[in-house]
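Asker: When you get a sec, could you give me coordinates for this:
(chains A and B)
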Amino acid sequence: MRPEFAIAAYGLTKRFDNQISVNDLDLEIKSGEVYGLIGANGAGKTTLIRMLAGVEEPTLGEIYLHGNLFSRDSNNLTIKRRIGYLPDDYPLYDDLTVWDYLDYFARLYRIPASRRHHRIYEVLDLIQLGNKRKSLIVNLSRGMKQRLSLARTIIHEPILLFLDEPVSGLDPISRRQFRDIIKVLQEAGMTIVISSHVLSDLAELCTSVGIMELGFLVESSSLKDICQRFARPQIIIDTLGDLAILERELKKNSLVKEWEVISGSNRLRVNFAGDNSDSAELLRSLILAGVSLTEFQYTQEDLETIFFKLGHQQAS
Amino acid sequence: MTNQHKLLVKATKSVENLSELNPQLLREIKGRLKGINIIIAACLSLIVQLFIVISRLGRLPDLNYEIKQYSRYCFSYAKSRECHTNLLGHWDINWQLFWLDSFIDLSIVIIIALLIGGVYLLISDLIKEQQRGTLNFIQFSPQSARTILTGKILGVPVLLYLAILLTFPLHSVAAFQAGIPLSLIVGFDITVIACCWLFYSLALFFSLLKTNFIAFKPWLGSGAVAFFLLLTINKFSYNYNGVNNNILDWLFLSNPITILSYYINDSNLSSFYNHHLSVENLREISFYGQHLWYGSSAAIGFILINYWIWQHWIWVGLKRSFDNPNHTNFSKSQTYWMTGSFMFYALGFTLQTTKSGELFDNFLLLQCFLLCFFLGLMALLSPKYQILQDWARYRHQSKKSQRILSHDLLFGAKSPGIVAVAINLAIATIYTIPALLIFDFTKSSQRVIWGLVLGVSIILLYGLIVQFILLTRHPKRATWSLITVLTLVIIPPLFLGIAGIQDTSSAYFITFLPTLAIENAQFSTIITVLLGQWLAISLTGFAITRQLRQLGKSETSIIN
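Answerer: Presented below is the predicted three-dimensional model:
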């Protein structure tokens, strides 16, 4: 097995009764990547993460972590120490304080006494809960609990991190804090697999993306590659004037394929076959035609649109 | 630095060292040892101790009355226990007996509290961890199952231990005043600790079993222990014939209260206990003809060995269940050795007599124990439906060793357990047959062997029926298999009993004790019944094979 892959899985299948949750899936993730898993509910993301983290046993297939065959039965302590897993329901011990909770897991992971104290402070600083270290967990807010769970996941300095819907149910501020923490972890060199429904977050965090649909890994590649291959250029145009005039002018340009009016506004999303300089040409022609513009933005389809396209193709 | 301060630093360091060895223990202690909890535990302990002493003091003669009084604690030559005063005008009290009674009361309360309370706390704690989802994190840490679960055993009932620790002064005073030798007190304490270890391990094992009635488990577990204690304490404390000289003695010897009989014997107060808690009863117990319970040291030693063997097997299952909850609780090869251990003990207690009639009854009781053991074994060896389905479907794609069907059925972790059950039954039969040939049965030994074979076959048939139901698609298949097997075990003898059919009638061939019907049966009838059983076994086996083939067929994937 090629050890350059932090995570490699081949022929991974998981059945629950007669339902196939993950179907003959191959996956290779390089060290230091942040790999985002996208998919609708029931696409198999959670099952895949649970299998990779060793929580669930695959029905078929093999998983290699840094070149070592990994299974729940392997009982390989070195591998166990390398993994951090955060489930979507982040269970905690309400009867412990934040400090005692982290101290407990630090001891479970055999962090030497000489380093333990420092490490707990380090992690508390990272998740910004230093001032809450003496608080009982039961008294923390949802966002704090979520961050504390992440702290528990990374207390032993794993090099592989599996995060299942880590920002679900969090408010925008907590989500932002969470994103920032993950960026720090990425900079520290961790390989992170993260599943989320918040695709804008993933687009910001991930270096690679896997799109899952109906148990299949429909696409798995670097974010850049996926965007290059699947994201079409588009132009967002907003006008103060008559929409009909704008539409008439757009029809004249051969690179404009189609457009849609963004509901309730004078905004158009235009599918454009040209490049950046072609879009500048279009902008000039619109101005010369006297169309009063408030916005003209040349961009590409976002991750969400790509996901809908690819997922839908596979489902069909 | 003052001495007190030094001591405090030393104590903190010890706790720190201990927690380095077992972080789980520290977590449990931190979560539980809180001011209010400690006060409640201490108060409860003191109240119970006070109640025991007051209830015993209440049986002393009243100092304010000079009328004729009777008390268990008055020195008297008459059996009436009439109280007399000494030359100083004080009641002549047998204080040694008073303290011995108090010691026994306290010992029984300690055992009851430790076993019932501890089992309840441990099961409910582990269930809570499972329901909350935190158990997974602990299981994934690099700590071993033994470290984590030992931490649980030592830490979860920590308040109970504190309460029991507070009884130590009264317990010790009572023991010394009663004249019990220090060696016996230490022996008793070790036995109680070993017994707790066994029951607590069993409680954790029970918690990790996959069942539907999770919320009910703590009550069921502690209820079962309460029932066991009620049965055994009652038997040893108040029954005139405490010993049965059969396999039931094995159960009664598992209660550390047994040791109390030796105290009474050593304190020369045995006449005050009439026949109950009499060591004479214990001395009659034999194991493969050896009277191992004659002296207190040997008795304690053999009770400890018994505990050790069974805690070993429980920990084998515990470790396996903790490390991978998807596995069966024991591997097939482990059960072969476990059945060997069970048979070694079961037969040892069965062959306590040479009287043929009693021996036959003991043998029937052994068959009842075999049935219970094997019903449990079937449950422990049955993989989950999903595992069986995957095994049937993907076995051909698995490792080379797993593709050899016979090897997989005998040793594989994911194959159906029924072949292993059959092998275990064969082990039990082979181990028992020589004893049946050597010992003198009223009915000829050959017939008793046929009885054993028929009994074992019917257990195998039950096992196949259970396996068959477990392979159906019914959502409540586990419940149905339990109901079916209980119906098969209970209904036929119940019906025959109600109908007034004599237990030697051939009708008893359809019960789990066909040996009963052996005596009057023709040899041809025995052979016919055996052939009938094997026909049923073959047909059920065939049906199971068909079911497995069906499961193994690929279906259109329904994606969740």
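
Asker: Can you tell me the element A:S221 falls in?
Answerer: With elements taken from DSSP states H and E, the one containing A:S221 is strand A:216-222.

Asker: same for that strand, what does it pack against?
Answerer: Counting contacts by 3 or more Cβ pairs under 8 Å, 6 or more residues apart in numbering or on different chains; DSSP states H and E, strand A:216-222 is packed against strand A:19-30, strand A:208-213, helix A:223-230, helix A:303-315. C-betas here are computed from N, CA, C, even on glycine.

Asker: same thing but at 10 Å, please
Answerer: strand A:19-30, strand A:34-39, strand A:208-213, helix A:223-230, helix A:303-315 (3 or more Cβ pairs under 10 Å, 6 or more residues apart in numbering or on different chains; DSSP states H and E).

Asker: contact partners of the fourth one?
Answerer: It stands for helix A:223-230. The contact list for helix A:223-230 (Cβ atoms under 10 Å, 6 or more residues apart in numbering or on different chains) reads A:33-36, A:202-211, A:219-222, A:300-303, A:305-307, A:309-310.

Asker: Filter those down to the buried ones, ChimeraX style.
Answerer: Of the contacts of helix A:223-230, the buried ones go into a single ChimeraX selection, burial set by 16 or more other Cβ atoms under 10 Å in any protein chain shown:
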select /A:33,34,35,36,202,203,205,206,207,208,209,210,211,219,220,301,303,305,306,307,310
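
Asker: deepest of the helices and strands packed on strand A:216-222, which one?
Answerer: A comparison of the helices and strands packed on strand A:216-222 by mean neighbour count, using mean count of other Cβ atoms under 10 Å in any protein chain shown, puts strand A:34-39 on top with a mean of 26.

Asker: quick one: the helix or strand that that strand is followed by to chain centroid distance?
Answerer: Where DSSP H and E defines the elements, the next helix or strand beyond strand A:34-39 is helix A:45-53. Computed by Cα atoms, centre = their mean, to the nearest Å, the chain-centroid distance of helix A:45-53 equals 14 Å.

Asker: after helix A:45-53 comes which helix or strand?
Answerer: Counting by DSSP H and E, the next helix or strand C-terminal to helix A:45-53 is strand A:60-65.

Asker: got the buried residues for that next one?
Answerer: A:60-61, A:63-65.

Asker: same check, this time on stretch B:404-415
Answerer: By neighbour count with 16+ other Cβ under 10 Å, stretch B:404-415 contains the buried residues B:408-415.

Asker: Make a markdown table from the helices and strands packed on strand A:216-222 and add mean pLDDT to it.
Answerer: Formatted as a markdown table, the helices and strands packed on strand A:216-222 follow (pLDDT from 0 to 100):
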| stretch | mean pLDDT |
| --- | --- |
| strand A:19-30 | 90 |
| strand A:34-39 | 90 |
| strand A:208-213 | 88 |
| helix A:223-230 | 76 |
| helix A:303-315 | 65 |
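
Asker: I'd like those written out as JSON lines, with distance to A:Q186 added.
Answerer: What follows is those, written out as JSON lines (distance: least, Cβ to Cβ, whole Å):
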{"stretch": "strand A:19-30", "distance to A:Q186": "13"}
{"stretch": "strand A:34-39", "distance to A:Q186": "5"}
{"stretch": "strand A:208-213", "distance to A:Q186": "12"}
{"stretch": "helix A:223-230", "distance to A:Q186": "13"}
{"stretch": "helix A:303-315", "distance to A:Q186": "18"}
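
Asker: Excluding chain neighbours, what is closest to the closest residue to chain B within chain A?
Answerer: Nearest to chain B, among the residues of chain A, is A:R107, at 3.4 Å (Cβ to the nearest Cβ). Nearest residue to A:R107, sequence neighbours excluded (Cβ to Cβ, 6 or more residues apart in numbering or on different chains): B:P23, at 3.4 Å.

Asker: Can you give me the distance of that neighbour to B:F140?
Answerer: Per Cβ to Cβ, to the nearest Å, B:P23 is found 14 Å from B:F140.

Asker: On the three-state scheme, the residue nearest to A:D26 when sequence neighbours are not counted is what?
Answerer: Closest residue to A:D26 apart from its sequence neighbours, by Cβ to Cβ, 6+ apart: A:Y10 at 5.3 Å. Recorded secondary structure, A:Y10: strand (DSSP: H, G, I helix; E, B strand; the rest coil).

Asker: Could you give the bridge partners of A:Y10?
Answerer: A:E62 (DSSP bridges).

Asker: More neighbours: B:P23 and B:F140, which one.
Answerer: Neighbours were counted for B:P23 and for B:F140 using other Cβ atoms under 10 Å in any protein chain shown; B:P23 has more, 24 against 18.

Asker: ok, that one - contacts?
Answerer: A:103-110, B:138, B:141, B:143, B:147-148, B:151.

Asker: I figured B:C74 was touching B:N86, is that so?
Answerer: No: B:C74 lies out of contact with B:N86 (Cβ atoms under 10 Å); the separation is 11.1 Å.

Asker: Find the residues that touch each one of the two.
Answerer: B:92-93.

Asker: more neighbours, those two?
Answerer: B:C74 (21 against 10).

Asker: quick one: the residue lying closest to the more buried one once chain neighbours are set aside from B:D62, how far?
Answerer: Residue nearest to B:C74 in three dimensions, not counting chain neighbours: B:C83, with 3.6 Å by Cβ to Cβ, 6+ apart. Separation of B:C83 from B:D62 (Cβ to Cβ): 10 Å.

Asker: tell me the SS of A:Q234?
Answerer: strand.

Asker: Extract the residue ranges of the stretch 201-350 of chain B that are flagged as low pLDDT.
Answerer: B:235-242, B:269-277 (pLDDT under 70).

Asker: Up against chain A, what does it have?
Answerer: B:323-327 (Cβ under 10 Å from any Cβ of the partner chain).

Asker: And the strand or helix carrying B:L162, what does it pack against?
Answerer: Per DSSP H and E: B:L162 is located in helix B:158-165. If contacts are counted by 3+ Cβ pairs under 10 Å, 6+ apart, helix B:158-165 sits against helix B:23-32, helix B:35-57, helix B:95-112, helix B:118-132, helix B:182-208.

Asker: Helices of the stretch 351-500 of chain B, residue ranges please.
Answerer: B:356-381, B:385-394, B:400-403, B:405-411, B:418-438, B:445-470, B:477-498 (DSSP state H, counting those that start in this stretch).

Asker: Name the stretch among those helices that sits most buried.
Answerer: helix B:445-470 (a mean of 22).

Asker: is that helix anywhere near chain A?
Answerer: No: on the criterion Cβ under 10 Å from any Cβ, helix B:445-470 is out of touch with chain A, staying 13.9 Å away.

Asker: Return the angle between stretch directions for that helix and helix B:477-498.
Answerer: 140 degrees (axes from the mean of the first three to the mean of the last three Cα atoms, to 10 degrees).

Asker: Pairing partners for the strand holding A:S221, with directions?
Answerer: Here strand A:216-222 has these sheet partners by DSSP bridges: strand A:208-213 (antiparallel).

Asker: Off-centre distance for the strand it pairs with?
Answerer: For strand A:208-213, the distance to the chain centre is 9 Å (Cα atoms, centre = their mean).

Asker: again, but for stretch A:177-187
Answerer: 12 Å.

Asker: contacts for it?
Answerer: Here stretch A:177-187 has contacts from A:32-34, A:84, A:123, A:126-128, A:143-144, A:146-147, A:150-151, A:153-154, A:158, A:161, A:163, A:166-167, A:170-171, A:190-192, A:194, A:198, A:200-202, A:204-207, using Cβ under 10 Å, 6+ apart.

Asker: Show me how to select, in ChimeraX, the buried members of those residues.
Answerer: Buried residues within those, by 16+ other Cβ under 10 Å, are selected in ChimeraX with:
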select /A:33,34,84,123,126,127,143,144,146,147,150,151,153,154,158,161,163,166,167,170,190,191,192,194,198,201,202,205,206,207
